[in-house]
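K.L.:
Next input, structure requested:
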Amino acid sequence: MKLASAAYPLTWFNHFDDFAAHLGAWVSDAATQGADLLTFPEYGAMELASLGGRSVSEDLEAALHEVARWKSAVDAVHVALAARHGVYILGASGPVFTGPRPVNRATLYGPDGIIGHQDKQIMTRFERETWDVVAGTGLAPFDTDLGRIGVVICYDSEFPLLARNLVEAGAEILLAPSCTDSLAGFTRVRVGSMARALENQCVVVHSPTVGLCDFCPAVDENVGAASIYGPPDRGFPPSGILAETALNAPGWAIAEVSLDAIREVRRDGGVLNHAHWPEQHDRIRLR
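P.N.:
As a prediction, the model looks like this:
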């Protein structure tokens, strides 16, 4: 299969149809290159705050509500694109109000419709202290014709037990959409994602927002490069990097990935991190 990771800049839209056309062009570009699974970044949906005008998009609270009110229409566009191109799409995450405060939700779409969603589990300081975006409840891997897929949204990728829970539930591909406003923030997610690929001997798809956004202060600065990581072991590049874009350059990173290669490196890699993981539990006691 071919996996595609978007380095995605946020765009101002005057009309929802402009967004739909814009997204359609991105999906078509990746599908034309043979991609089977497309990953868009965390908080990429915040560009829809522009539909409320600047007085809305520049207000932290109003922007959340404006983006959330378009969720059904966004779902419909993704469902149509996934069916048209015969692909799977992890849509850009955004706020969804399931209670008084929103969760940060990424939805997975397939050729036959919505497969499910994953809410972010561990919130950053900005989400906790300034934006009041709250954690979702629980993790769930998704079964697809491409294999079992898990999602660890941005900060979640920096906590190994979250990814391990998904891997122990059968996930062989992890999707890590992110939104970071500095090189340090991007590096934290990059290092976390690469570590998850190493210790679980799996593939991790890292999709960030990139570039400046002058109309929505919550996502005003975005630093990153789209990458696809595997374990630096047999059947994979020695760097562990299967594909990556240049820093802050919009576009797709695309790599061909084999589940057989994942299973083989877990069976007979130079190291066996996936199999040896349980040995930690007997060796973490301090003497």
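K.L.:
From now on I want contacts and neighbour counts done on CA atoms only, so please keep to that.
P.N.:
OK.
K.L.:
residue ranges with poor pLDDT in the stretch 1-150 of the chain?
P.N.:
Judged by pLDDT under 70, the stretch 1-150 of the chain has no weakly predicted residues.
K.L.:
how about the strands in this structure?
P.N.:
Applying DSSP state E to the chain gives strands spanning 2-9, 37-39, 88-90, 94-97, 102-110, 113-119, 142-144, 147-151, 173-178, 203-212, 221-222, 227-229, 241-244, 251-256.
K.L.:
Let's have those in TSV, adding distance to W26.
P.N.:
Formatted as TSV, the entries for the strands of the chain read as follows, by distance: least, CA to CA, whole Å:
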stretch	distance to W26
strand 2-9	9
strand 37-39	10
strand 88-90	11
strand 94-97	18
strand 102-110	15
strand 113-119	19
strand 142-144	22
strand 147-151	21
strand 173-178	16
strand 203-212	14
strand 221-222	19
strand 227-229	17
strand 241-244	17
strand 251-256	9
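K.L.:
These into TSV, with extra columns for distance to R69 and mean neighbour count?
P.N.:
What follows is these, written out as TSV (distance: least, CA to CA, whole Å; neighbours: other CA atoms under 10 Å):
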stretch	distance to R69	mean neighbour count
strand 2-9	21	26
strand 37-39	22	26
strand 88-90	19	26
strand 94-97	8	22
strand 102-110	12	24
strand 113-119	17	19
strand 142-144	25	15
strand 147-151	23	21
strand 173-178	22	29
strand 203-212	21	29
strand 221-222	24	20
strand 227-229	31	29
strand 241-244	33	21
strand 251-256	28	22
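K.L.:
So which of the ones you listed is nearest F126?
P.N.:
Each of the strands of the chain was scored for nearness to F126 using CA to CA, and the closest is strand 102-110 (12.7 Å).
K.L.:
and the closest one, what does it pack onto?
P.N.:
In terms of contacts (3 or more CA pairs under 8 Å, 6 or more residues apart in numbering; DSSP states H and E), strand 102-110 is packed against helix 71-85, strand 88-90, strand 94-97, strand 113-119.
K.L.:
Relative to D145, which of the ones you listed is closest?
P.N.:
For D145, the closest of those is strand 88-90, at 9.5 Å, according to CA to CA.
K.L.:
Parallel or antiparallel, list what pairs with the closest one.
P.N.:
Paired neighbours of strand 88-90 in the sheet (DSSP bridges): strand 37-39 (parallel), strand 102-110 (antiparallel).
K.L.:
would TSV of the ones you listed with distance to H15 be doable?
P.N.:
Below are those laid out as TSV (distance: least, CA to CA, whole Å):
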stretch	distance to H15
strand 37-39	24
strand 102-110	22
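K.L.:
Figure out which of those strands is closest to H206.
P.N.:
Taking CA to CA as the measure, the strands paired with strand 88-90 were each checked against H206, and strand 37-39 came out nearest at 8.0 Å.
K.L.:
contact partners of that closest one?
P.N.:
Outside strand 37-39, the residues within contact range by CA atoms under 8 Å, 6 or more residues apart in numbering are 2-6, 27, 30, 87-92, 175, 177, 205-207.
K.L.:
Give the burial count for P231, as a bare number.
P.N.:
With neighbours defined by other CA atoms under 10 Å, the count for P231 comes to 30.
K.L.:
tally of neighbours for the closest residue to it other than its chain neighbours?
P.N.:
Of all residues not flanking P231 in the chain, L198 sits nearest, at 4.4 Å (CA to CA, 6 or more residues apart in numbering). By other CA under 10 Å, 22 other residues sit near L198.
K.L.:
For the residue most central in space within the chain, give me its contacts.
P.N.:
The centroid of the chain falls nearest to P177 when counting by CA atoms, centre = their mean (2.1 Å). Taking CA under 8 Å, 6+ apart, we find P177 in contact with 39-42, 92-93, 152-154, 205-208.
K.L.:
Same check on D181?
P.N.:
219-223.
K.L.:
That one and V205, how far apart?
P.N.:
Here the distance between D181 and V205 works out to 19 Å (CA to CA, to the nearest Å).
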